[in-house]
Every structure is written in C-alpha cells, then in structure tokens.
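In: Here is a sequence together with a model predicted from it:
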Amino acid sequence: MWGDKINDNEYFGYNNDFVGYLPIDLLEGGNNSSDGLLIVNHEYPLPLL
C-alpha cells in the first residue's frame, strides 16, 4: 500500500499504477514464489509533480 515501510529507510511510493511479480523460475513453470523480480511503475498525473 502507499507509504508502507519496505525496509529501515524507505517507503513504498505513491501514484503507482502497476505492480507485477515475475518468479525467477518463470521458464520452468513459475512455482517458486520466494525469489523473483518485483516491478513497480510510478506515475504522476500532474506535470508539475
């Protein structure tokens, strides 16, 4: 969720419009969810921001 703490010094960003997860073993069926790539896209609807 917006503003959630993700480690000791950082928080999850605002205005994200996409979150995707690709398991590292995607080509072998994608059954291991403990290792993977998290993709987060952030956009601001106002050019000023």
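Out: In hand now; what should we look at? Numbering: from 1, shown residues only.

In: Ramachandran coordinates for Leu26?
Out: When read as degrees, to the nearest 10, the backbone of Leu26 gives phi -50, psi -40.

In: Ramachandran angles for the spatially most central residue of the chain?
Out: With distances taken as Cα atoms, centre = their mean, Val40 lies nearest the centre of the chain, 3.4 Å away. Backbone torsions for Val40, taken as degrees, to the nearest 10, come to phi -130, psi 130.

In: If it is in a bridge, with which residues?
Out: Val19 (DSSP bridges).

In: what's the spacing between it and Asp4?
Out: Separation of Val40 from Asp4 (Cβ to Cβ, to the nearest Å): 12 Å. (C-beta placed from N, C-alpha, C; glycine too.)

In: shared neighbours of those two, which are they?
Out: Common neighbours of Val40 and Asp4, counting by Cβ atoms under 8 Å, 6 or more residues apart in numbering, are Phe12.
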